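[1] Pasting the sequence and the predicted coordinates here, then a few questions.
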Amino acid sequence: MAALFLASASPRRRELLTQIGVPFELLSITLDETPLPAERPEAYVQRLAREKALAGWAAVGDDSVAVLGADTTVVIDERILGKPADRAEGLLMLESLSDREHHVLTAVALATRGACEVRLVTSRVRFRRIERAEAEAYWASGEPCDKAGGYAIQGWGAVFVAELRGSYSAVVGLPLCESAQLLDQAGIARWVKEDRN
């Protein structure tokens, strides 16, 4: 059985992998996440997931391991909404998402010896109307500061979500169905109980 490394600093991704009983070790990978000129959102998120997985695999330097990388982005009007740089940008993001539908794209990649497979999951999320004072209070909570699109569906931002069509876990940051399929193909165990002794 191959050892698994997760190339991510996201606590949400760690929690999701743990949720399905996958043993793993963490890798810290730093990449330039700037979109390439004229790069489509679907290509962007898949490229970053692949680059994270491959960079992690190269960093471990062991052919017997597998490295999981993932990336999530929020898209509205074909525009990528990354993590807000400041309060003004965060409030602008919430305003643009208010009373509208947007897409959340999450790509997951698994790098193993000689291969890197990528899966893309697209989910559609519709927000109810967000009042300005509510957006300001949400920003002041600190939760949206490091989240793509400036909100967390698994946190306080859930109150804005009127409808979700797609994968909840993908919107959080790691599509569990597709991740499990990749792990199964690579012979990586899941549903492993922790030894609590």
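    Looks like it arrived, so ask away.
[2] list the contacts for R40?
    Residues near R40 by CB atoms under 8 Å, 6 or more residues apart in numbering: E78. Yep, even glycine has a C-beta here, placed from its N, CA and C like the rest.
[3] go with 10 Å
    Neighbouring residues of R40 by CB atoms under 10 Å, 6 or more residues apart in numbering: Q46, V75, E78, I80, L105.
[4] Could you identify the buried members of those residues?
    Burial by neighbour count, 16 or more other CB atoms under 10 Å: within these this picks out Q46, V75, I80, L105.
[5] host element of the closest residue to Q181 other than its chain neighbours?
    Nearest-residue entry for Q181: R119, 7.4 Å, with adjacent residues in sequence omitted and distances by CB to CB, 6 or more residues apart in numbering. Using DSSP states H and E, R119 sits in strand 115-127.
[6] quick one: average pLDDT of that strand?
    Across strand 115-127, pLDDT averages out at 98.
[7] what stretches of this structure score poorly on pLDDT?
    Residue ranges of the chain with pLDDT under 70: 1, 195-197.
[8] and the gap between the residue nearest in space to the middle of it and P35?
    The centroid of the chain falls nearest to G173 when counting by CA atoms, centre = their mean (2.8 Å). From G173 over to P35 the distance is 19 Å, taken as CB to CB, to the nearest Å.
[9] And the contacts of stretch 138-147?
    So stretch 138-147 is contacted by 9-10, 12, 72, 74, 81-88, 90-91, 93-94, 130, 135, 150-157, 159-160, 173 (CB under 10 Å, 6+ apart).
[10] If we use 8 Å, what do you get?
    Here stretch 138-147 has contacts from 83-84, 87, 90-91, 93-94, 130, 150-152, 155-157, using CB under 8 Å, 6+ apart.
[11] and the end-to-end length of that stretch?
    13 Å (CA to CA, to the nearest Å).
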